[in-house]
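In: please work out how this folds:
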Amino acid sequence: MAGLLRRVGIVSRPATTEKSPTVKVPFAEHSALIEIGVKLPSPPGSVRVKLATGQETLDVINARRRAEQEERTRRALILVGDTCPPALRQAGELRLLHPELSLEALGELMDPPATRHAVCGQLRRLHQMASRHQAS
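Out: The predicted structure is shown next:
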């Protein structure tokens, strides 16, 4: 990407600390980047940009993952039904009520409060329990 930007007259430097192909571009060059089809974030100063090559952003990937997790939890609670232990049911219901919250925040809402690792384990066990119910 740095080579492409150099060919169109934009001074940039490679960002070597990341695994994804990004470059740092001065904010003054944003209008030139927009002309060649680069999607830009809005903060001023030096920003990291990616060419619009069809790669999904992390926000899109995380939103899809969150929706899949929510649907999987909803199905698990239906499959397990009344046989679900209270702690697992509580973790599953909180995940459905608050899909945007982190595991740590969900743990704070639980009664008694739990760590993010405990919430993750409870959701994992709920999903495993549903898989066993579905298999039988």
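In: in stretch 60-76, which residues are buried?
Out: Taking 16 or more other C-beta atoms under 10 Å as the basis for neighbour counts, the residues of stretch 60-76 that come out buried are Arg72, Thr73, Ala76. In short, each C-beta sits where N, CA and C put it, glycine included.
In: who touches it?
Out: Gly92, Arg95, Leu96, Pro99, Glu100, Leu123, Leu126, His127, Met129, Ala130 (C-beta atoms under 8 Å, 6 or more residues apart in numbering).
In: now, which of the buried residues of stretch 60-76 lie within helices?
Out: Members of these lying in helices (criterion: DSSP state H): Arg72, Thr73, Ala76.
In: the nearest residue to the last one once chain neighbours are set aside: which element?
Out: In space, and not counting its chain neighbours, Ala76 is closest to Ala130: 3.5 Å by C-beta to C-beta, 6 or more residues apart in numbering. Following DSSP states H and E, the helix or strand that holds Ala130 is helix 116-135.
In: before we move on, back to that, just give me the closest of the contacts of stretch 60-76 to Ala114.
Out: When those are compared for distance to Ala114 (C-beta to C-beta), Leu123 wins out at 11.0 Å.
In: quick one: the nearest residue to that closest one once chain neighbours are set aside from Asp59, how far?
Out: Counting by C-beta to C-beta, 6+ apart, Leu123 lies nearest to Ala91, which is 5.4 Å off, once chain neighbours are set aside. Distance, Ala91 to Asp59, by C-beta to C-beta, to the nearest Å: 25 Å.
In: again with Ala67
Out: Distance from Ala67 to Asp59, counting by C-beta to C-beta: 13 Å.
In: got it, and Leu101?
Out: Distance of Leu101 to Asp59, given as C-beta to C-beta: 16 Å.
In: quick one on the thing from earlier: turn the buried residues of stretch 60-76 into JSON lines, columns for distance to Met110 and pLDDT.
Out: As requested, those are exported to JSON lines (distance: C-beta to C-beta, whole Å; pLDDT from 0 to 100):
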{"residue": "Arg72", "distance to Met110": "19", "pLDDT": "93"}
{"residue": "Thr73", "distance to Met110": "15", "pLDDT": "94"}
{"residue": "Ala76", "distance to Met110": "17", "pLDDT": "95"}
